[in-house]
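> The sequence isn't on hand, but the structure is:
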């Protein structure tokens, strides 16, 4: 069965510092991988996705993620964070097109001035 | 393009009462999903519709939860009777459907508090 583990529940960081949010998944077949962001009292917004091809994926708001098949990881990075990046971030996996998303438990990113 | 609409945004009920949530997906999206997000956890799929047919309802507590998508557009999720553990945010999402490189678009959610 598929599962997603986000290794950090909370990540505090100072403004303009780099950040990495870690995500590992388990699946016996090829997967599609996603990162979503959730601002307070809002729904989820897609940051980026890996479907196939280049393992380095660039998304919105300066975020990028790297798919590592051998380590079954899909870590999210940003070289310089802003106060406005404060939010909950969810990693998710799907085994097929149109299939359900399996989410990790989320990482709360808190950017401090 | 209008996004996924959900109503109400907030609902407070007592246990054993019933409640219903409504979702209007993005126009032209064939697939509709209902997720339950308990505080501190990631969303969990409750039910997936393809047009007006059910694709996956394996995680739906069918003794108290029901959902329908009449005419393959709007959807309603109902809980009857509610329990304290049903307190959560209920998210609706939609996507174009199978055969496409898809993305799920999420609505703002309905926050349910059961007292």
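Sure, I can see it. Values in this document were obtained by computation on a predicted structure and should not be read as measured data.
> going forward, measure contacts between C-alpha atoms and count neighbours the same way
OK.
> Residue numbers of chain B in contact with chain A?
Among all residues of chain B, those adjacent to chain A (criterion: Cα under 8 Å from any Cα of the partner chain) are B:31, B:40-45, B:48, B:91, B:95, B:97-102, B:105-109.
> Among those residues, which ones are in strands?
When the residues of chain B next to chain A are checked against strands using DSSP state E, the ones located there are B:31, B:44-45, B:48, B:91, B:95, B:105-106.
> Make CSV from those residues and add neighbour count to it.
Formatted as CSV, the entries for those read as follows, by neighbours: other Cα atoms under 10 Å in any protein chain shown:
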residue, neighbour count
B:31, 26
B:44, 21
B:45, 23
B:48, 26
B:91, 27
B:95, 23
B:105, 21
B:106, 26
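> Now the most centrally placed residue in chain B: which helix or strand?
The geometric centre of chain B, computed from its C-alpha atoms, lies nearest to residue B:34 (Cα atoms, centre = their mean), at 2.8 Å. Under DSSP states H and E, the secondary-structure element containing residue B:34 is strand B:31-37.
> Contacts for that strand next, please.
Under the contact criterion Cα atoms under 8 Å, 6 or more residues apart in numbering or on different chains, strand B:31-37 has outside partners A:98, B:25, B:43-51, B:77, B:88-97.
> cutoff 7 Å now
Residues lying outside strand B:31-37 but in contact with it, judged by Cα atoms under 7 Å, 6 or more residues apart in numbering or on different chains, are B:43-51, B:88-97.
> likewise stretch A:12-29?
Contact partners of stretch A:12-29, identified using Cα under 7 Å, 6+ apart, comprise A:1-8, A:72-83, A:91, A:109-113.
> Near residue 22, how many other residues are there?
Picked chain A for this. Each residue near residue A:22 was counted by other Cα atoms under 10 Å in any protein chain shown, and the total is 18.
> not what I meant, chain B
Using other Cα under 10 Å, residue B:22 is surrounded by 19 other residues.
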